[in-house]
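Turn this into a structure:
(one chain, ligands or ions: 2)
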Amino acid sequence: MTLAPDIIEQLARARADLRMGVPIVLCGAPSALVMAAETLSAQRLTDLLALGGAPVLAITARRAQTLKARAYDGDLARIALPEDATPAWVQSIADPADDLRAPMKGPFTCARGGNADAHRAALDLVKSARLLPAALVLEVPDGSEFATRHGLTLLDLAAATPALTARSPLHPVVNARLPMEVSEAGRLHIYRPDDGGEEHYAIEIGRPDRSAPVLARLHSACFTGDLMGSLKCDCGPQLRAALAQMGDEGHGVLLYLNQEGRGIGLANKMRAYSLQDQGFDTVEANHRLGFEDDERDFRLGADILKSMGFSAVRLLTNNPRKVKMMTASGIEVAERVPLKVGENRHNSAYLATKAKKSGHLL
Ligand SMILES: Nc1nc2c(ncn2[C@@H]2O[C@H](COP(=O)(O)OP(=O)(O)OP(=O)(O)O)[C@@H](O)[C@H]2O)c(=O)[nH]1
Ligand SMILES: [Zn+2]
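Ligands and ions are numbered 1, 2, ... in the order given. Below you'll find the predicted structure:
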């Protein structure tokens, strides 16, 4: 019997550490000390440089493309940290905010050959902590001894690597009646994962027949659109129109998935908005930050639907990826129901970009 946290729980601790600016250690061959670029303090950078060795700043190939740094590992680049590196230098590599003002950031010396497994895991970790995808990595000879000496969270790299991309099961926590404007027969269900991650919600309208395709919407959280009435996207009108249609039909299920900013988090979405104000479109902005255009995992939507007893949907969406992911996850999409509402002069270019680059149906 052991009360020790398993690898999933250790990963949740590691994410919390990185968000606070505390380093973690990945134990493997070789072992590595990891810090998130976004939360790096001047003191910790000084301490890192004092350790000697050859620290690198790992960034995704997407970010490397903008910086013209060589991504020899394919999906990532390892930029050698100059001896006189400052927190401002690290920030300027991680964050594209001043790319246009200071375009000449290189030339960079990028590591080639050797093992990039720890760097890849470090990037997955900072991304899943909703931080900028950039991490400082320093090889250390004995990870376990180093972590113990400094009181740092230690993760086994071989165990962490598959766990980082695994999907944690979602459990129903509670559900309760929620009379709503669109229907008095509303019910809110809360789902919680085991990995310390975000909870997700299901709004059930009426009591839909489990043996027939249910009118369903997979809505991704959008604080700006859903709550603030932002005109930059169509999320608020889509949310309200989907609920209204379910109210009119008397049945439906709306999943409110906490995947803000297509899975990059609100802070990063606001960074993307700043880049959009510099002239980049929604896809280019994600790429310049080092993210893919869409970092969401819709399989968790399928998990919730199955847990509620549904196996087929009439899916309210214009996004063919959602249809594909549902089908691949074992939920039959009997019909795609278009959801076109809320176009205005501020979001028409955004909607056109989604149609042109992300395959959304007009
Ligand atoms: N990164 C990023 N996320 C955005 C931006 N604008 C909106 N979002 C996020 O995009 C998500 C909205 O997508 P959805 O409406 O669920 O899905 P969709 O891919 O547009 O497909 P539909 O089902 O047709 O609406 C929300 O998580 C928003 O926060 C943006 O410019 N950048
Ligand atoms: Zn939105």
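
My understanding was that G106 contacts L67; is that so?
Yes: with contact defined as Cβ atoms under 8 Å, G106 and L67 form a contacting pair (6.6 Å). Every residue, glycine included, has its C-beta placed from N, CA and C.

Just give the closest residue to Q238, not the sequence neighbours.
When the adjacent residues along the chain are set aside, Q238 lies closest to L339, with 5.5 Å between them (Cβ to Cβ, 6 or more residues apart in numbering).

so how many other residues sit close to that neighbour?
L339 has 20 neighbours, counted by other Cβ atoms under 10 Å.

now do the one 10 residues further on
A349 is surrounded by 13 other residues when neighbours are defined as other Cβ under 10 Å.

just E9 next, same as before
Residues near E9, counting by other Cβ under 10 Å: 13.

quick one: it is in a helix?
Yes: assessed with DSSP: H, G, I helix; E, B strand; the rest coil, E9 lies in a helix.

I'd guessed it sits against G196; true?
Yes: E9 is in contact with G196 according to Cβ under 8 Å; the separation is 7.2 Å.

got the residue ranges for the helices in the stretch 151-300 of the chain?
For the stretch 151-300 of the chain, applying DSSP state H, counting those that start in this stretch gives helices covering 157-165, 235-249, 260-263, 266-277, 282-289, 299-307.

what mean pLDDT would you report for the second one?
So the one you mean is helix 235-249. Confidence for helix 235-249, expressed as mean pLDDT, is 98.

do it and ligand 2 meet at all?
Yes: for a cut-off given as Cβ under 5 Å from the ion, helix 235-249 has contacts with ligand 2, namely C235.

Can you point out the buried residues in that helix?
By neighbour count with 16 or more other Cβ atoms under 10 Å, helix 235-249 contains the buried residues C235, G236, P237, Q238, L239, A241, A242, L243, Q245, M246, G247.

Could you check how many residues crowd around S144?
Around S144 sit 13 other residues, with neighbours defined as other Cβ under 10 Å.

so it is in which element?
Assignment of secondary structure by DSSP states H and E places S144 within helix 143-150.

helices and strands around that helix, which ones?
In terms of contact count using 3 or more Cβ pairs under 8 Å, 6 or more residues apart in numbering; DSSP states H and E, helix 143-150 is assigned the packing partners strand 24-27, strand 31-36, strand 153-156.

Including distance to E335 and mean neighbour count, could those strands go into CSV?
Converted to CSV, the helices and strands packed on helix 143-150 look like this (distance: least, Cβ to Cβ, whole Å; neighbours: other Cβ atoms under 10 Å):
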stretch, distance to E335, mean neighbour count
strand 24-27, 46, 26
strand 31-36, 43, 26
strand 153-156, 44, 20
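
these two touch, right, A221 and I264?
No: taking contact to mean Cβ under 8 Å, the distance of 11.6 Å between A221 and I264 leaves them out of contact.

any chance you could map the strands in the stretch 1-150 of the chain?
Assigned by DSSP state E, counting those that start in this stretch, the stretch 1-150 of the chain shows strands spanning 24-27, 31-36, 56-60, 76-80, 134-140.

What parts of the chain come near ligand 2?
If contacts are counted using Cβ under 5 Å from the ion, the residues of the chain sitting beside ligand 2 are C222, G225, C233, C235.

who wins for most neighbours among those residues?
Counting neighbours by other Cβ under 10 Å, C222 leads these with 23 neighbours.
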